[in-house]
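[1] Starting from these lines, generate the structure:
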Amino acid sequence: MFKPAIYVKGCGAILCCGAVLFLMVLSCCNKNGVRIPVMPDATQTGRNTMGAYVNNTLWVPAISFDNTGIDASYTIPFLQMDGIVEDASGVSKTEIFFNIHNFTGVGKYTLNTDPNNNNTDNSAQCLKVNGEYVTDSLHQGTVIVTHFDDKKHIVSGTFQIKLINKNNPADSVTVSSGRFDVTCPLTVEVDG
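    Presented below is the predicted three-dimensional model:
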């Protein structure tokens, strides 16, 4: 006598979800187990993440000594954010940093000066193997701080920047869809 197969409703969905999760885990590493960067989620919890697209190529800071590649600091009223990508031998491939003077918390900040010429305005810089790129009055950027918690020292937001090669004005870099969520040490400067 023939017995029908037992079918449990919903098992297909569970197997499908399990397969998708398995593939997602595999997609974060290549076949040699090397981490493949992915754009970090837009969070506001101080996860120490940063990412952007540099000339349409994903850029996520990572360096050998701490894996985050992010250095952020807040010395009232100055906010600085720095992200570095190193190769396996520890050589810096791409570094992006921006400075916000007179930082007041949540809001929009324009980056429009060369960081080497003026240390009292907002600026950005991108260091690559092939040159130093900076903001100026024509090549600007925007940082939008969407969350600032001065008690927990968390700063989160987005950024986009157009930078020009200092030594070759025909060469530029576009940083787009940038985001960050960092915990910054707070330093209060004391005049003495």
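[2] Please make it C-alpha for all contacts and neighbour counts, starting now.
    OK.
[3] what's Asp136 in contact with, if anything?
    111-114, 123, 163-164 (CA atoms under 8 Å, 6 or more residues apart in numbering).
[4] next one: Gln125
    So Gln125 contacts 96-98, 114-115, 132-135, 163 (CA under 8 Å, 6+ apart).
[5] By neighbours, which of those wins?
    The most crowded member of those, judged by other CA atoms under 10 Å, is Val134 (29 neighbours).
[6] What sits closest to that residue if chain neighbours are left out?
    With CA to CA, 6 or more residues apart in numbering as the criterion, Val134 has its nearest non-adjacent residue at 4.5 Å, and that residue is Gln125.
[7] and the one you found, what are its bridge partners?
    Phe97, Val134 (DSSP bridges).
[8] Low-confidence stretches in this protein?
    Filtered on pLDDT under 70, the chain yields the residue ranges 1-35, 64-67, 87-91, 114-120, 186-192.
[9] In terms of secondary structure, what does the lengthiest strand in the chain contact?
    In the chain, assigned by DSSP state E, the strand with the most residues is strand 168-183. Secondary-structure packing of strand 168-183 (3 or more CA pairs under 8 Å, 6 or more residues apart in numbering; DSSP states H and E): strand 49-54, strand 154-165.
[10] Quick one: the helices in this structure, in order.
    Taking DSSP state H as the criterion, the chain carries its helices at 11-27.
[11] Could you list the domains of it?
    7-36, 49-187 (automatic domain parsing).
[12] among these, which is nearest Ala42?
    Checking these against Ala42 by CA to CA gives domain 49-187 as the closest, at 6.7 Å.
[13] Point out the most buried one among the domains of the chain.
    Of all those, domain 49-187 carries the top mean neighbour count, a mean of 19, counting by mean count of other CA atoms under 10 Å.
[14] Distance to Leu79 added to the helices and strands packed on strand 168-183, as TSV?
    Below are those laid out as TSV (distance: least, CA to CA, whole Å):
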stretch	distance to Leu79
strand 49-54	15
strand 154-165	9
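[15] between those strands, which one is nearest to Ala72?
    Evaluated with CA to CA, the helices and strands packed on strand 168-183 place strand 154-165 nearest to Ala72, the distance being 9.1 Å.
[16] got the angle between that closest one and strand 49-54?
    20 degrees (axes from the mean of the first three to the mean of the last three CA atoms, to 10 degrees).
[17] Can you show me the CA trace of strand 154-165 as PDB?
    C-alpha atoms of strand 154-165 as PDB (Å, rounded to 0.1, in the frame of the first residue of the first chain):
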ATOM      1  CA  ILE A 154      28.300  59.300  20.000                       C
ATOM      2  CA  VAL A 155      28.300  61.200  16.700                       C
ATOM      3  CA  SER A 156      26.500  59.800  13.700                       C
ATOM      4  CA  GLY A 157      25.700  61.100  10.300                       C
ATOM      5  CA  THR A 158      26.400  61.200   6.500                       C
ATOM      6  CA  PHE A 159      28.900  62.900   4.300                       C
ATOM      7  CA  GLN A 160      29.700  63.500   0.600                       C
ATOM      8  CA  ILE A 161      32.800  65.300  -0.700                       C
ATOM      9  CA  LYS A 162      34.300  66.500  -4.000                       C
ATOM     10  CA  LEU A 163      38.100  66.900  -3.700                       C
ATOM     11  CA  ILE A 164      40.800  68.100  -6.000                       C
ATOM     12  CA  ASN A 165      44.300  66.800  -6.400                       C
END
